[in-house]
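Visitor: here is the input, now give the coordinates:
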Amino acid sequence: MAGSFYHKGKENMANDSFNTEQKQAIEHFEGPAMVLAGPGSGKTTVITNRVLNLIEEQGVSPKQILVVTFSKAAAVEMQQRFRSMAEKAYPVRFGTFHSVFFQMLRVAYNYEAKDIVTPALKFRFLEEALRETSYEVEDAREFIEDIEKEISKVKGEGIDIDCYYSANCPEQVFRDIFQGYQTRLQRHRCLDFDDMVVYTYDLLRQRKDILKKWQQVFRFILIDEFQDINRLQYETIKMLAEPENNLFIVGDDDQSIYGFRGARPDIMLSFPKQYPQGKQIVLGTNYRCSPQILQASDKLIKCNKKRFNKKMQAWQKATQKVVIHKCKTLYSEAERILRKMQSYQKDGMDWEDMAVLFRTNMQMRTLAGKLMERGIPFTMKERLPNMFETWIAKDLRCYVEIALGDRSRGKFLQICNRPVRYISRSAFDTEEVTFGGLKGFYLKKGQPWMLERIQDFENELRAIRTMSPYSAIHYIRKGIGYDEFLETYAKERNVSVDDWMEILEELQETTRECKSLAEWLAYGESYGEELKKMAENRRTLPEEEKGVRLMTMHGSKGLEFQAVFIPTINEGVCPYRKAIQSGDVEEERRMLYVAMTRAKKYLDLSFVEERFDKEAEASRFVREISPEIFEKERS
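Guide: I've put the predicted structure just below:
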């Protein structure tokens, strides 16, 4: 076979040729094949060169080749990479699952782009469906976002709605919302992205004539990031690949981190059983990470039981040790990261070559604030949620504002029964509230026992006025009983209180550097304005904007940086507190593995001894990584 067609990607620029495993994958012709592509192993180069090989060496018509990715950006990048390699403009189909499946639905049912539900319309449908249930929620937007994810999972995994148990509301409420949402989609002849998969699966399963037509159109199918596939996508692709089964999948089960979308490593793990005649190739050379980074991440991921056993080796010869730090608090951790960043920058590293990867976007707040203070440029891939817009923050603010003299009716109504004081809404019969008026209302009603409750309420607010911001929030939580109110409220609604408690802890943390209650209220306003500016910058500034990258572990997938910081590797954070089942913990371990393998030269891990004034335990993942490769530091 001629080798002149080979086009090396960035991973191979230092090599004279492709390595043995890459060549095997590129030269694979017919039948199923699974390519296990570890981090930095050159999977994009393999896919694009295999497409070129099929056309120029094997004589396959480019129109019969389908390359499927999981994001539009990945499809565009893959197509551009391929076009830069090929001497001719070959009409190979590059697309996402949704774009490919929508193409089939357009032909079968005459769907048009205008039939795809917009995010705004989708929210409206879900909001209307929620309203019909009469189920009360404090923050409709947050609740609907959570329900939207669950609906997507139900559709993607093909779960029977009657057998699904929601994590956000009672089962019947979820079913009613689901049905109400679907009814509205059908009434308006709309479909969402998950419907594209469901409808295509049903179409190809029921119409063998249509299936046969598309099987003839796409004889060779290549799938990138196969570990992210969900059940219905896989079942649909399997049908399309028949009867020749020229199915070429590329992925890494160790990087399967989208369980909330229905992606499970089990699907990839089952591939050799479903296609026993298929070829299995391991791209075992990592061209990105130093040997020490690769060794540390390998030690971690080997603790997972459900995985393909594979050996990765580093192409780099660098000897920089992985560093782990024990920090006292979140603030000292953020300060240490800043010092290290400034040191790297002083030594010539650009800000954009550094990244800080977090388990959740809420964790970014402390470091983002410190970067703003120091004037260090940074960009955030994901939206940082404004905790001051949550209903819990509004409750706390109302307590503080009333304590400082605000007497508006709306603010009293917000908190008068949080915790329950049995004060009636009708007692607030004027726009400006007075405690004398409240007492007079109950005297007229012949309920003198309420006077003591109202007096206690007034005394609590007076006490808040004299306190520091931190003490005031602590008093509202523990002295007045707001924490107990949340626990009771969550129990009544059959939901977990943990998320609400975490928001409370974060809000209390924001008070530490504020000297007065008025300053804390002003901080909440300015914090929201800063977030709006950042959101606007993300929309208007070019992608190559300079600055340190702050992002979640999920958001870091597919990226690489000279220096990577991963803070707060503590139990309850990483692994996240919601990871209870062994499968959940394995996904959390995969998430940290993905984050660690974004680093090319420097990997900096840290955990804290105290979080929210409570003792914090180092993550089990820290203990699992071999200690001899660490340079341990205490800060």
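
Visitor: what's the separation between the residue nearest to D228 when sequence neighbours are not counted and Q320?
Guide: Spatially, and ignoring its direct neighbours in sequence, D228 is nearest to A263 (4.7 Å; Cβ to Cβ, 6 or more residues apart in numbering). (C-beta placed from N, C-alpha, C; glycine too.) Using Cβ to Cβ, to the nearest Å, we find A263 at a distance of 33 Å from Q320.

Visitor: ok, those two, which is more surrounded?
Guide: The neighbour count for A263 versus Q320, taken as other Cβ atoms under 10 Å, is higher for A263 (26 against 17).

Visitor: specify the local secondary structure of that one.
Guide: coil (DSSP: H, G, I helix; E, B strand; the rest coil).

Visitor: enumerate every residue touching K72.
Guide: T96, S99 (Cβ atoms under 8 Å, 6 or more residues apart in numbering).

Visitor: which residues touch stretch 87-107?
Guide: Here stretch 87-107 makes contact (Cβ under 8 Å, 6+ apart) with 51, 55, 62-63, 65-72, 74-76, 78-79, 82-83, 111-112, 116, 191, 193, 196-197, 199-200, 203-204, 210, 214, 218, 233, 236.

Visitor: and those residues, which of them are in helices?
Guide: Members of the contacts of stretch 87-107 lying in helices (criterion: DSSP state H): 51, 55, 72, 74-76, 78-79, 82-83, 193, 196-197, 199-200, 203-204, 210, 214, 233, 236.

Visitor: from the residues you listed, keep the buried residues only.
Guide: 51, 55, 74-75, 78-79, 82, 193, 196-197, 199-200, 203-204, 214, 233, 236 (16 or more other Cβ atoms under 10 Å).

Visitor: restricting the selection to alpha carbons, write stretch 234-245 to PDB.
Guide: Extracted in PDB, the C-alpha atoms of stretch 234-245 (Å, rounded to 0.1, in the frame of the first residue of the first chain):
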ATOM      1  CA  TYR A 234     -26.100   3.800  19.100                       C
ATOM      2  CA  GLU A 235     -29.100   1.700  18.100                       C
ATOM      3  CA  THR A 236     -29.800   4.000  15.200                       C
ATOM      4  CA  ILE A 237     -26.200   4.000  14.000                       C
ATOM      5  CA  LYS A 238     -26.100   0.200  14.200                       C
ATOM      6  CA  MET A 239     -29.100   0.000  11.900                       C
ATOM      7  CA  LEU A 240     -27.500   2.400   9.500                       C
ATOM      8  CA  ALA A 241     -24.300   0.400   9.400                       C
ATOM      9  CA  GLU A 242     -26.000  -2.900   8.400                       C
ATOM     10  CA  PRO A 243     -25.500  -5.100   6.500                       C
ATOM     11  CA  GLU A 244     -21.800  -4.400   5.800                       C
ATOM     12  CA  ASN A 245     -21.100  -3.000   9.300                       C
END
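
Visitor: show the residue spans covered by the strands in the stretch 351-500 of the chain.
Guide: Using DSSP state E, counting those that start in this stretch, the strands assigned to the stretch 351-500 of the chain run over residues 354-358, 378-380.

Visitor: can you redo those as CSV with mean pLDDT?
Guide: Below are these laid out as CSV (pLDDT from 0 to 100):
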stretch, mean pLDDT
strand 354-358, 97
strand 378-380, 87
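
Visitor: out of these, deepest packed?
Guide: strand 354-358 (a mean of 25; mean count of other Cβ atoms under 10 Å).

Visitor: what helices or strands is that strand leaning on?
Guide: Counting contacts by 3 or more Cβ pairs under 8 Å, 6 or more residues apart in numbering; DSSP states H and E, strand 354-358 is packed against helix 330-346, helix 364-374, strand 548-552, strand 561-566.

Visitor: go again with 10 Å.
Guide: With contacts defined as 3 or more Cβ pairs under 10 Å, 6 or more residues apart in numbering; DSSP states H and E, the packing partners of strand 354-358 are helix 330-346, helix 364-374, strand 378-380, strand 548-552, strand 561-566, helix 582-596, strand 599-608.

Visitor: leaving out sequence neighbours, find the closest residue to the most centrally placed residue in the chain.
Guide: For the chain, the residue nearest the mean C-alpha position is H554 (4.9 Å; Cα atoms, centre = their mean). Among residues not flanking H554 along the chain, I257 sits closest, at 6.2 Å (Cβ to Cβ, 6+ apart).

Visitor: and if you look at K122?
Guide: Per Cβ to Cβ, 6+ apart, closest to K122 is D192, 6.2 Å.

Visitor: identify the residues contacting that neighbour.
Guide: Residues near D192 by Cβ atoms under 10 Å, 6 or more residues apart in numbering: 98, 116-119, 121-122, 125, 148, 151-152, 155, 181-182, 185, 198.

Visitor: closest one of those to Y164?
Guide: I151 (9.7 Å; Cβ to Cβ).

Visitor: and the one helix or strand the closest one maps to, what does it pack against?
Guide: Using DSSP states H and E, I151 falls within helix 140-157. The criterion is 3+ Cβ pairs under 10 Å, 6+ apart, and the helices and strands that helix 140-157 contacts are helix 119-133, helix 171-187, helix 193-206, helix 231-241, helix 498-509.

Visitor: helix 171-187 and that one, what's the angle between them?
Guide: Interaxial angle, helix 140-157 versus helix 171-187 (axes from the mean of the first three to the mean of the last three Cα atoms, to 10 degrees): 80 degrees.

Visitor: can I get helix 140-157 in PDB, CA atoms only?
Guide: The C-alpha coordinates for helix 140-157 follow below in PDB (Å, rounded to 0.1, in the frame of the first residue of the first chain):
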ATOM      1  CA  ALA A 140     -38.800  28.400  38.100                       C
ATOM      2  CA  ARG A 141     -35.800  29.000  35.800                       C
ATOM      3  CA  GLU A 142     -33.500  26.800  37.800                       C
ATOM      4  CA  PHE A 143     -36.100  24.100  38.200                       C
ATOM      5  CA  ILE A 144     -37.000  24.000  34.500                       C
ATOM      6  CA  GLU A 145     -33.300  23.800  33.500                       C
ATOM      7  CA  ASP A 146     -33.000  20.700  35.800                       C
ATOM      8  CA  ILE A 147     -36.200  19.100  34.400                       C
ATOM      9  CA  GLU A 148     -35.000  19.800  30.800                       C
ATOM     10  CA  LYS A 149     -31.800  17.700  31.500                       C
ATOM     11  CA  GLU A 150     -34.000  14.900  32.800                       C
ATOM     12  CA  ILE A 151     -36.300  15.000  29.800                       C
ATOM     13  CA  SER A 152     -33.200  14.800  27.500                       C
ATOM     14  CA  LYS A 153     -31.900  11.800  29.400                       C
ATOM     15  CA  VAL A 154     -35.300  10.000  29.300                       C
ATOM     16  CA  LYS A 155     -35.500  10.500  25.500                       C
ATOM     17  CA  GLY A 156     -31.800   9.600  24.900                       C
ATOM     18  CA  GLU A 157     -31.900   6.400  26.800                       C
END
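
Visitor: that helix vs helix 119-133, what angle?
Guide: 100 degrees.

Visitor: mind checking how far Q172 is from Y164?
Guide: 11 Å.

Visitor: likewise L232?
Guide: 15 Å.

Visitor: which one of the two is surrounded by more residues?
Guide: Neighbour count, other Cβ under 10 Å: between L232 and Y164, L232 has more, with 21 against 16.
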